[in-house]
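Participant: Need coordinates for the below:
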Amino acid sequence: VHFYQLHGLDWVDIFSALKADPMKASKLAFKYVPDGYEPLATGADELSEVQKKITEFAKRGDLGPFKNAYFGHKTMRFSPEQNLIALSHYLKTLEIQRIAAQAMAIFGGKNPHPQSLTVGGVTCIMDLQDPSRLGEYLTRFQQVADFVNRAYYADIVMAAEAYRNEPSVTQKTNLGNFIAHQEFQIGKKEWLLNASGYIKDYDLTKFYPIDESKIEEDVTHSWYQDTGYRHPYNGETIPEYTGYVDGKSIDGKGNLVNTKVAGPKGKYSWIKSP
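Facilitator: Next up, the predicted model:
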């Protein structure tokens, strides 16, 4: 949902996709899938149907979820065919997110924010003894996994290729660093980013381990008493809510006082910062 619905239109040009050659796009899709997989929702007929559906959207003058994008912007890098592939997967995600929500609800009772998923497993013991419940979950899990392997993964590779030389603010400020914590597996053999680690100065040849003892929490902008930088194991969580009232704040006893209000230099969150 984040990659496609919330973020995708920053780099996918819907209008460009309407000009693509569906047959050419269908063949191109094979370039990006992992070995042993075939691309999903990228047959020439399927892509033509996607173009037809979105064209009808545009003719009505109501682009719905597509109306606040950067179509035609000079910084967009995808070809019309790449845009069409990503657009097809964008629409497919709407179906897949429903299936993923159903999978969670089988054991969690609802989606989002289920109450019965706990550290180490789920609390619905009786359901786990019913093979049909496990079957319901497994079927949906396999559908979501199929989308990840045949669409999501491929689009990440396609985007990385198209935007690999994208200039950024970080290059101007000499901050070419990247950190990941057991998040993505990138690469097939020689370089795998599948554990905790980071790179520095855009150098992908050196991979440094994370020293978790150096990670500390800061509450400068959080509604807690400031006890200095502390490792989470040694952290202190002492509420100090200042609130927002006409440029002033409320102390712990509910009194209106002249103190720092929420803003760039004030407190505004219950979240600590690493």
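
Participant: What ranges does the protein have for its helices?
Facilitator: 14-17, 22-28, 44-59, 80-108, 125-128, 131-147, 153-162, 169-172 (DSSP state H).

Participant: could you dump those helices to a markdown table with mean pLDDT?
Facilitator: Converted to a markdown table, those look like this (pLDDT from 0 to 100):
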| stretch | mean pLDDT |
| --- | --- |
| helix 14-17 | 92 |
| helix 22-28 | 98 |
| helix 44-59 | 92 |
| helix 80-108 | 94 |
| helix 125-128 | 60 |
| helix 131-147 | 92 |
| helix 153-162 | 93 |
| helix 169-172 | 49 |
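
Participant: quick one, which of these is nearest to Thr205?
Facilitator: helix 153-162 (17.1 Å; CB to CB). All C-beta spots, glycine's among them, are computed from the backbone N, C-alpha and C.

Participant: Next, the buried residues of the closest one.
Facilitator: The neighbour-count check on helix 153-162 (16 or more other CB atoms under 10 Å) flags 153-155, 158-159, 162 as buried.

Participant: got it, and stretch 219-233?
Facilitator: Neighbour counts over stretch 219-233 (16+ other CB under 10 Å) mark 219, 221-224 as buried.

Participant: Now compare those residues and name the two farthest from each other.
Facilitator: His221 and Tyr224 (10.0 Å).

Participant: quick one: which of the helices of the chain is nearest Ile179?
Facilitator: helix 169-172 (13.0 Å).

Participant: How far away from the center of its chain is stretch 13-25?
Facilitator: 25 Å (CA atoms, centre = their mean, to the nearest Å).

Participant: Any chance you could list what contacts that stretch?
Facilitator: 42, 44-45, 47-48, 50-51, 54-55, 58, 63, 66, 69-73, 76, 78-87 (CB atoms under 8 Å, 6 or more residues apart in numbering).

Participant: at 6 Å instead, please
Facilitator: 44, 47-48, 51, 55, 66, 71, 76, 80-81, 83-85, 87 (CB atoms under 6 Å, 6 or more residues apart in numbering).

Participant: Just the buried residues of that stretch, please?
Facilitator: Residues of stretch 13-25 classed as buried by neighbour count (16+ other CB under 10 Å): 13-18, 20, 22, 25.

Participant: Val122 is in contact with Phe107, correct?
Facilitator: Yes. Proximity of Phe107 to Val122 meets the contact threshold set by CB atoms under 6 Å, at 4.5 Å.

Participant: Compare the two (neighbour count), which wins?
Facilitator: Neighbour count, other CB atoms under 10 Å: between Phe107 and Val122, Phe107 has more, with 19 against 15.

Participant: now the buried residues of helix 153-162 as JSON lines including distance to Ala101?
Facilitator: As requested, the buried residues of helix 153-162 are exported to JSON lines (distance: CB to CB, whole Å):
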{"residue": "Tyr153", "distance to Ala101": "21"}
{"residue": "Ala154", "distance to Ala101": "23"}
{"residue": "Asp155", "distance to Ala101": "21"}
{"residue": "Met158", "distance to Ala101": "26"}
{"residue": "Ala159", "distance to Ala101": "25"}
{"residue": "Ala162", "distance to Ala101": "30"}
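
Participant: wait, which of those residues is closest to Phe178?
Facilitator: Comparing the buried residues of helix 153-162 against Phe178 with CB to CB picks out Ala159 as the nearest, at 15.5 Å.

Participant: contacting residues for the closest one?
Facilitator: Per CB under 6 Å, 6+ apart, neighbours of Ala159: none.

Participant: Then Ile96?
Facilitator: 144, 147.

Participant: now it: how far from Thr42?
Facilitator: According to CB to CB, to the nearest Å, Ile96 and Thr42 sit 15 Å apart.

Participant: Can you give me the neighbour number for the spatially closest residue to Asn111 that is not a sequence neighbour?
Facilitator: Spatially, and ignoring its direct neighbours in sequence, Asn111 is nearest to Ala101 (4.0 Å; CB to CB, 6 or more residues apart in numbering). By other CB under 10 Å, the residues close to Ala101 number 14.
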